[in-house]
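**Q** When you get a sec, could you give me coordinates for this:
(3 chains)
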Amino acid sequence: MHLSETIISLAPWLVFAPLTGLLINLIFGRRLSEKAVGTVASLASGAAFVVSVLLAYAVSINHGEVMRWRLAEWIHIGTLNLDWTFRIDSLSTTMMLVVSGVGTLIHIYAIGYMHEDVRFKHDEGRYTRFFIFLNLFIAAMMILVSGDSYMMLFVGWEGVGLSSFLLIGFWFEMDTLGRPSWANSDAAKKAFIANRIGDFGFLIAAFLMFWGFGSLQFDQVFAGASSLSAINSPLTVAITLFLLLGVAGKSAQIPLYVWLPDAMAGPTPVSALIHAATMVTAGVYLVARSAPIYATAPAAQYLVAMTGAITALFAATIAVGQYDIKKVLAYSTVSQLGFMVAAVGMGAYTAGMFHLITHAFFKALLFLSAGSVILGLERGHHHAPSSPTLPPKGEGSHRPLSPRERARVREHHEIFDPGDMRNMGGLRKTMPVTFWLYIVGTLALTGIFPFAGFWSKDEILLDASLHFTGIYWLLTIAAFFTAFYMGRQIWMVFFGESRSEAAAHAEESPKVMTLPLVVLAILSAVGGGLNLPFEGFHNLGHWLSYTLGEVESLPLDLTVAGVSTLLALTAIFVSWLLYGRTPLQAGQIDPLKRLGLVFTGMENKWFVDEGYFAVIINPFKKISQFLADVIDWRFWHDFVHDTLIVGTYNWLSTIALDHYADQKGIDAFANWLGTATQWISENVRKIQNGFVRSYALAVMLGVVLILGYLIFK
Amino acid sequence: MIPVDYYIILSAILFTIGALGVLIRRNPLIIFMSIELMLNAANLAFVAFGRSWEITSGKPFYTGQIFVFFVIAVAAAEVAVGLALIVEIFKTKKNINIDEMNSLKG
Amino acid sequence: MTSELIVFLVLSLVAISSALGMAFSRNAIYSALFLVLNFVTVAVFYLLLGAPLIAMSQITVYAGAIMVLFLFVIMLLGAENLAPLPQAMPWQRPLAFILAVTLVVESIYLIFARAQLDTVITAPDAAANSMESLREMAMTLFNQFLLPFEITSILLLVAMVGAIVLTNREKRKARA
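**A** Got it, this is the predicted structure:
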């Protein structure tokens, strides 16, 4: 007990450690070398991981008892009493471990990745900024998962949204190809705005909670959940549905998922950390955390599950039609998040969290490997004989370029997209390490035995098959598509012949990048061991049951596992037929074009963005324009203000006041007064004639008059 | 046995003659002398009133006389400065006609 | 009609005549001498009013010192008869006469009809002329009127300095 209290007092360091790293880099970053900056940031994140491990240990020796560490008073208004309290239980420590663990690996990877990225983008000064933002993200995410109330969770929720915005727009003045453009900052704005819609839902839910429960502290809310739903079940449903809106925003579910694919504009470590492994799972965590509320609203639960399932299938179909290596993974992330949301919606919290963890491993692995591929191609592009933009080796290469030089280099930059899979091919030979890592990630994602994804995905499918048949089929089809697009990607990227100079000259990434990938690959391979569907191996389920209560631990169902594995293998085989047997040639169109309209739809993301523009954004702009032009400018400004008010005022002042009152009245009087004064003084000044005797006479006259007055008084 | 009115009336007449002299003469020396006459008339009134009070109250009363004493002192000072000014003006203008000293007219 | 009244009326006649003579003499020397006569007459009035010290001051300071100074300046400047100049203000003289007459009439009317001065001045007794009276007056002057007395002395000093500065100007100019 004493030991765990000592450990729990470390809880604030979950947030302070990354903040310390942030501050060090913020203050001294300019004087530190790139390696030092990266090391400081990685150590800060690593410290948070160590604290997470210790906290998890403390939870385990306390048998899952919820522990709290109150750092400071926060909000005390009326009946609302909120403290800045860290909540340490099995659910939050699980999230902490995932966030700080994967986060630390990605920090290390980023040391190598950003070193090259800032050079290809010709702005080395931005290296430090990246790690400051990364640490900020870790700190915010830690607040999110460790908060003891919905408001503290919301602080983290907004904090990760902010760091996401900052990192998506990291190269804000260019597009993903480095051309001067606002594309990246537009992507950042899109992410932020879509998240705001979700945040609006979250806030409304929080207000309703305060209204219904009189508190925002988790335990107090959950304690009142069942009695509230008995009295006022519409309110419970409203709370859960508004929370779902928040989940849809943060975890990229229909209808708010559109920001996530665009968020790939950020550097690849960001895509891996924030937009695949951690931040986007916040919604899943929120639903799992709010389990006691959802338990009282089955209708809302079903809606959550359906949202997740439909998103899973919908996004998987889009992923099939994408050419950008990161876009495929982005839609895959949306799809996998759909799996998790469906799981937590169905009440299968263990399965959802299990998939969250394994997904964090293998999706981070895939993204980072994709980043390795992109950088490899970038290197190949610069080493290719035709390249005009190779930075000169030697002292010049470390001199930061002036903005003008940067712009000139960019202008001469041959337009080459290192992320386009049509420019790849044959990388198996040039980038073997990355290739094998990618294979591990793919097998985990597609759910091939015995990789991590197999166990976690199967648990979700099994749960669905037992309770929600519709959802089961949606997810199973989604799993088929998953295997297909991953297969397509593997064949296009690593097999066949190089379809560009860059791919032919691609180079393997340095060890600082591949080592974290190896760790992630091992985790992706054996991560399933966390929760094997055999008696006595439900470790995660047992662990989470401390927090979420007893959840059913299902034994392995060979039918479900068999069907999904079979489908996955079939999908990979189909993809081999299309892309592997006869590799794509340079300039060749995609074989799936034969599907016609269906593939056009997949290629163009089912025109959802266009639809949003047509249905929401453009009408919104038109209404804004109308309000600005007609209502505000023409009506309020031109008519009411200029014509009515100013006109009346002008009329009053020129005609009535100026002409009659002022000129004829006041002016005339004032002029008359002036003339009269002048006339009087002209005459009176004659008295002041300078003759002393006449002044004396005046005095005499005065004396006589005063005496006369006294007489005749 | 002279009523005090008589003294006051005499004082008033002397004062008026002095004032008349100031008003009609153009020789600054005579104007000066007229002013002295006016002061003198006032002195006479002071002393007469003082004596009147002495008789009414039956006690010695010197304030009136002391006022006259001060007036004589001030008159002496005034004459010293005034005559110095006249001499000075005469030296510069070679004339002391009061009507020529009108440079302060408006 | 007592003898005192007769003396008073005669003296008044002399005083008024000498005042008029002062005011209307063409020659400034005559004016000065008329004024001396007037001062002496007034000094006699002071004696009648029981103020022998003032009477003596009147004769020594006024009729003596000040008037000698006047005569000296008149003769120094040769200002006995100024060259007659055209009147700058022809209306001044008649207006002054009218005002003077009005003032006298008003004064007499006010004094007789309104002032209600019914005290009768009697001849001073012997005590008024004694040393004791002089001492009393000195006590009043140097106790009750000490501050005005000192201020008067400063005034005299300033006047003296002023007179010296004014008449000394030319020498300073010459030296500079």
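**Q** Distance of the closest residue to chain C within the stretch 451-600 of chain A relative to residue A:419?
**A** Using C-beta to the nearest C-beta, the single residue of the stretch 451-600 of chain A nearest to chain C is residue A:512, 98.0 Å away. For every residue, glycine as well, the C-beta is placed using N, CA and C. Taking C-beta to C-beta, to the nearest Å as the criterion, residue A:512 is separated from residue A:419 by 21 Å.
**Q** Show me which of those two is the more surrounded one.
**A** Higher neighbour count among residue A:512 and residue A:419: residue A:419, with 22 against 16, using other C-beta atoms under 10 Å in any protein chain shown.
**Q** For that one, what are phi and psi?
**A** phi -100, psi -10 (degrees, to the nearest 10).
**Q** Can you tell me how far it is from residue A:293?
**A** When residue A:419 is compared with residue A:293 (using C-beta to C-beta), they lie 41 Å apart.
**Q** same check, this time on residue A:432
**A** Residue A:432 is 50 Å from residue A:293, by C-beta to C-beta.
**Q** Which one's more surrounded, the two?
**A** residue A:293 (26 against 12).
**Q** Could you look up the SS state of residue B:50?
**A** Here residue B:50 is recorded as helix under DSSP: H, G, I helix; E, B strand; the rest coil.
**Q** Quickly find the element holding residue A:86.
**A** strand A:80-88 (DSSP states H and E).
**Q** so what does that strand touch, helix or strand wise?
**A** helix A:34-61, strand A:67-77, helix A:127-146, helix A:150-168 (3 or more C-beta pairs under 8 Å, 6 or more residues apart in numbering or on different chains; DSSP states H and E).
**Q** Could you tell me which residues of chain C lie near chain A?
**A** Contact residues, chain C versus chain A (C-beta under 8 Å from any C-beta of the partner chain): C:88-89, C:92, C:95-96, C:99-100, C:102-103, C:106-107, C:109-110, C:114.
**Q** Please spell out the PyMOL selection for the buried subset of these.
**A** To isolate the buried subset of the residues of chain C next to chain A in PyMOL, counting by 16 or more other C-beta atoms under 10 Å in any protein chain shown, use the following:
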select buried, chain C and resi 88+92+95+96+99+100+102+103+106+107
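**Q** With distance to residue A:692, secondary structure and pLDDT added, can I get the residues of chain C next to chain A in a markdown table?
**A** What follows is those, written out as a markdown table (distance: C-beta to C-beta, whole Å; DSSP: H, G, I helix; E, B strand; the rest coil; pLDDT from 0 to 100):
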| residue | distance to residue A:692 | secondary structure | pLDDT |
| --- | --- | --- | --- |
| C:88 | 11 | coil | 69 |
| C:89 | 11 | coil | 74 |
| C:92 | 11 | helix | 84 |
| C:95 | 15 | helix | 90 |
| C:96 | 13 | helix | 91 |
| C:99 | 16 | helix | 92 |
| C:100 | 18 | helix | 93 |
| C:102 | 22 | helix | 93 |
| C:103 | 19 | helix | 92 |
| C:106 | 24 | helix | 91 |
| C:107 | 24 | helix | 90 |
| C:109 | 30 | helix | 89 |
| C:110 | 28 | helix | 88 |
| C:114 | 33 | helix | 80 |
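**Q** the strands in chain B, which residues?
**A** B:2-3 (DSSP state E).
**Q** one step back: now do the strand holding residue A:86: everything it contacts.
**A** Residues outside strand A:80-88 that contact it (C-beta atoms under 8 Å, 6 or more residues apart in numbering or on different chains): A:8, A:11-12, A:14, A:55, A:58-59, A:66-76, A:146-149, A:151-152, A:210, A:215-218.
**Q** Ignoring the adjacent residues along the chain, who's closest to the residue in chain C that chain A sits nearest to?
**A** Closest contact between chain C and chain A, by C-beta to the nearest C-beta, is at residue C:106 (4.3 Å). Leaving aside its sequence neighbours, residue C:106 sits nearest to residue A:707 (C-beta to C-beta, 6 or more residues apart in numbering or on different chains; 4.3 Å).
**Q** quick one: contacts for the one you found?
**A** Counting by C-beta under 8 Å, 6+ apart, residue A:707 touches C:103, C:106, C:107, C:110.
**Q** Repeat that for residue A:106.
**A** A:134, A:269, A:272, A:273, A:277, A:364, A:368, A:516.
**Q** Show me which residues of the strand holding residue A:86 are buried.
**A** So, applying 16+ other C-beta under 10 Å, buried residues of strand A:80-88: A:81, A:82, A:83, A:84, A:85, A:86, A:87, A:88.
**Q** so residue C:18 is in which element?
**A** For residue C:18, the host element (DSSP H and E) is helix C:3-24.
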